[in-house]
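Peer 1: Give the three-dimensional model of this entry:
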Amino acid sequence: MRVSLVTSALVLTVGMAGLMASVPAAEPAAHSDKAAIEALEKGFADAVNAKDLDAIMKAYAPGKTLFVFDVAPPRQHVGWEDYKTDWQQLLSSFPGSIKFSISDLSITTVGPVAYGHSIQSLQSTRSNGSKFELVVRVTDVYRKMHGEWLIVQEHVSVPVDLDSAKADLLSKP
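Peer 2: So this is what the prediction gives:
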């Protein structure tokens, strides 16, 4: 009986080791997902620099599931169409080129959901010829939908000096 229990335990241990060896590690998938989101953000930055509204909006979930707190009024945008209108207005306020960049991008994936934050900078010239520069903090929530990562929630903000009640549009760490 004792030999039978030892043999059974050995078979179970070997069987479990074989089963565990056949299960893919989660880290490569997480690394691949993180790389896909980084590519999404790079494509987004390229689209902003090109002032390509359709390419910008490819980063966002279609329909009413998208929710955005933007830095400029109104307080929030609900849905892809609403946010597209906001981007359209922003791009039209800069007749020339835009210099846009993303830095300090940090992404964490958890299955089909991910979250990240970054610093995003925009420089351009307004219609009246004045220079414009803005540095914002952005937090995004991503969802993998039909094999593709998309932004489903975004929060764009700037720090505010509480003594003067003025926004810090060029925030530095």
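Peer 1: Mind jotting down where the strands sit in this structure?
Peer 2: 67-69, 77-78, 99-110, 113-125, 131-145, 148-157, 160-161, 166-167 (DSSP state E).
Peer 1: For residue 169, grab phi and psi.
Peer 2: Residue 169 adopts backbone torsions of phi -80, psi -10, taken as degrees, to the nearest 10.
Peer 1: Residue 72 now?
Peer 2: phi -110, psi 150.
Peer 1: how about it, what does it touch?
Peer 2: 86, 90 (CB atoms under 8 Å, 6 or more residues apart in numbering). Quick note: C-beta positions are derived from backbone N, CA and C, even for glycine.
Peer 1: pLDDT value on the spatially most central residue of the chain, please?
Peer 2: Residue closest to the mean C-alpha point of the chain, counted by CA atoms, centre = their mean, is residue 140 at 4.2 Å. pLDDT, residue 140: 98.
Peer 1: now it: how far from residue 150?
Peer 2: 10 Å (CB to CB, to the nearest Å).
Peer 1: ok, now residue 57?
Peer 2: 10 Å.
Peer 1: Equivalent analysis for residue 158, please.
Peer 2: Taking CB to CB, one finds residue 158 at 25 Å from residue 150.
Peer 1: These two: which is more packed in?
Peer 2: Between residue 158 and residue 150, counting by other CB atoms under 10 Å, residue 150 is the more crowded of the two (20 against 15).
Peer 1: I'd say the residue nearest to the centre of the chain and residue 108 touch.
Peer 2: No - using CB atoms under 8 Å, residue 140 and residue 108 do not qualify as a contacting pair, with a distance of 11.1 Å.
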